[in-house]
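> please work out how this folds:
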Amino acid sequence: MTILCGTDFTGASHEAARAAAAIAARTNEPLELVHVLDFPLPTSTDEGGKRRFGDLFAPEVERRRTLLDNEAERLTELGCEVRAALLSGTPDDTLLARALEVQARLIVVAALGGRSGSSWRMADVADRLAVASPVPLLAVRSARAFETWSDGRDGGRPLEVVVGVDFGPTSEAAAAWVAHLKTGGPCEVTAAHVYEPDREARRLGIGPTEVEGALRDAWGARLAELAGAARLELLPLPARGRTADALAEAAQGADLLVVGTHQRTGLARHLHGSVSYSVLPASTTNVVVVPRAALREELPATHFPPQRLLVASDLTPAGDRAIAHAFAIAPQGARVTLLHVVHLPEPMAVGYGYVPPPPPSTAEVDSALHHAERQLASRVPPDAKARKLETHCEAVQARDVAHAVVQAAERESADLICLATHAHGALATALLGSVAREVVRGAGRPVLLVPPGGG
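Numbering: from 1, shown residues only. Predicted structure coming up:
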């Protein structure tokens, strides 16, 4: 793999090049230094074009080639292998095409300036690459932290990294990139999660005061799986605040801010926003933007085989089959959560209105929940302890069973949901609905459905 760095010979791009060389030296990867000419080179078959080009642009090409070679030679003094490439085209498009050609692991550019017409103006280049590149992008403001990055024995220090996490696939890509960075040297990692307490409470199906504890419980172990040792910092989003601003503020004083990106464009970015795109101009430190699919091959085996399974059971024989399937596929050391939803009766239609059923007493609800948890515990296979499986039994009360299952999966950060289907016919499903169907539609994660009679 290669680290690719674009330069226009300005002070900002010199900073970016030094940062790229320091990372290449630490990770033992080659560095390719690229300058993109803002005028076309003649083709090998265009003799007339060659003559005209020689008269007009050849001196300028040679001047820039000399600058590029001199810069590459200086960077080799930092202890990395450096190749120089002089190309022609628009900077962002040309850098991206070259990165794909050489299978670059990282593109490095300066975070200052912008692209306009025929000149390099790098912030706009960074913006465009952040949206379009399947390769992670580092926008550099200062190379100092990378140059002093070490284990401390030579007077340097660990790299202080803040990784923005929303506990989705983009966060996993960002955390996996940080894990790779740590192979080059010690990093002190802080995972910053910006959240709206009320929204998270609805998503998790808990009270607002319980949100912080639930997030720490669900994601402490997952962060360790993805990025190794990391400190989790939870940042409640103030009213009318922006996630990007909160992350940029959290990264003040750090050496590097790492964020994942969905790479939304056009209307999708307008409707859903783009934290990564907004972080680039908001942050005062170096920023790495990691596309969702950039490091697919480097993501740890968090999901397959699944390490955290949620199996929802109605305590019928069909539910028991789902439990058996979940334990059968759980690898050694996995966490398996058994869930039963105590379904509240729906209001009954009478004439033109609805008559709510009499609510059960608190004692009745508690008794039903405790009974369900005991029933779930009795279904844990005898060999679970020998296989070092961590098991947890939970019963909850809800009117919407599917929604309760999805909320539990969010609380558990489940890699896989397992539940049984009852094989209703088309008419019955249309009239009664299907818990399995609604879970599949709302879960946003893999769901294993066990049909009646499934072996």
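> Ala386 falls within a strand, correct?
No - assessed with DSSP: H, G, I helix; E, B strand; the rest coil, Ala386 is coil; it does not lie in a strand.
> report pLDDT for it.
At Ala386, the model reports a pLDDT of 92.
> for Thr148, same thing?
For Thr148, the model assigns a pLDDT of 90.
> that one touches Gly156, doesn't it?
Yes - counting by Cβ atoms under 8 Å, Gly156 is a contact partner of Thr148 at 4.3 Å. Glycine gets a C-beta too; all of them are placed from N, C-alpha and C.
> tell me where the stretch 301-450 of the chain has helices.
317-329, 362-378, 401-412, 426-432, 435-443 (DSSP state H, counting those that start in this stretch).
> and the ones you listed: which comes nearest Ala386?
helix 317-329 (12.1 Å; Cβ to Cβ).
> okay, buried residues for that closest one please.
Ala318, Gly319, Arg321, Ala322, Ile323, Ala324, His325, Ala326, Phe327 (16 or more other Cβ atoms under 10 Å).
> ok, now which ones touch the second one?
It refers to Gly319. In this structure, Gly319 makes contact with Ala312, Ser313, Leu419, Ala420, judged by Cβ atoms under 8 Å, 6 or more residues apart in numbering.
> mind showing which ranges of the stretch 51-200 of the chain have poor pLDDT?
Within the stretch 51-200 of the chain, the ranges that satisfy pLDDT under 70 run 51-56, 112-123, 151-154, 167.
> just the strands in it please.
Counting by DSSP state E, counting those that start in this stretch, the segments of the stretch 51-200 of the chain that form strands are 82-88, 104-110, 137-140, 159-164, 187-195.
> how far off strand 159-164 does the longest one point, in degrees?
To tie it back to what came earlier, the one meant is strand 187-195. 20 degrees (axes from the mean of the first three to the mean of the last three Cα atoms, to 10 degrees).
> where does the stretch 301-450 of the chain have low pLDDT?
Ranges of the stretch 301-450 of the chain meeting pLDDT under 70: 301-304, 344-357, 423-433.
> tally of neighbours for the closest residue to Ala377 other than its chain neighbours?
With sequence-adjacent residues excluded and distances taken as Cβ to Cβ, 6 or more residues apart in numbering, Ala377 is closest to Cys393, at 4.9 Å. Neighbourhood size, Cys393 [other Cβ atoms under 10 Å]: 18.
> which strand residues bridge Cys393?
Leu338 (DSSP bridges).
> distance of it relative to Gln375?
Using Cβ to Cβ, to the nearest Å, we find Cys393 at a distance of 9 Å from Gln375.
> now Val125
For Val125, the distance to Gln375 - Cβ to Cβ - is 61 Å.
> the more surrounded of these two?
Taking neighbours as other Cβ under 10 Å, Val125 and Gln375 compare with Val125 leading, 28 against 16.
> so that one makes contact with Ala12?
No - contact criterion Cβ under 8 Å: Val125 and Ala12 do not qualify, at 11.0 Å.
> now do the same for the nearest residue to Arg216 once chain neighbours are set aside: helix, strand or coil?
Closest residue to Arg216 apart from its sequence neighbours, by Cβ to Cβ, 6+ apart: Leu232 at 6.2 Å. Secondary structure state of Leu232, per three-state DSSP, is strand.
> isn't Leu232 up against Gly220?
Yes - if you go by Cβ under 8 Å, Leu232 and Gly220 touch, sitting 6.2 Å apart.
> those two: who's more crowded?
Leu232 (17 against 14).
> ok, now which ones touch the more buried one?
Neighbouring residues of Leu232 by Cβ under 8 Å, 6+ apart: Thr190, Ala191, His193, Leu215, Arg216, Trp219, Gly220, Leu223.
> quick check, pLDDT for it.
In this prediction, Leu232 has a pLDDT value of 82.
> how about the one 5 residues further on?
The pLDDT attached to Leu237 in the predicted structure is 82.
> can you get me a residue count around it?
Leu237: 16 neighbours (other Cβ under 10 Å).
> repeat that for Glu249.
15.
> and it, how far is that from Leu237?
11 Å.
> cool, Ala404 as well?
26 Å.
> what of Val289?
Val289 is 21 Å from Leu237, by Cβ to Cβ.
> go ahead and name everything in contact with the longest helix seen in the chain.
When the chain is parsed with DSSP state H, its longest helix is helix 58-76. If you take Cβ under 8 Å, 6+ apart as the criterion, helix 58-76 is touched by 7, 9, 14, 17-18, 20-21, 31, 33, 35, 37, 41, 82-84, 86.
> what about 6 Å?
Applying Cβ atoms under 6 Å, 6 or more residues apart in numbering, the contact partners of helix 58-76 are Phe9, Ala21, Leu33, His35, Val82, Ala84, Leu86.
> for the residues you listed, name the two members farthest from one another.
Farthest apart among the contacts of helix 58-76 by Cβ to Cβ are Ala21 and Leu86. That separation is 18.3 Å.
> counting neighbours, go ahead and name the busier of the two.
Ala21 (29 against 16).
> by contact count, what packs against the helix or strand that one falls within?
Using DSSP states H and E, Ala21 sits within helix 11-27. The contact analysis (3 or more Cβ pairs under 6 Å, 6 or more residues apart in numbering; DSSP states H and E) places helix 11-27 against strand 2-6, strand 31-37, strand 104-110, strand 137-140, helix 144-147.
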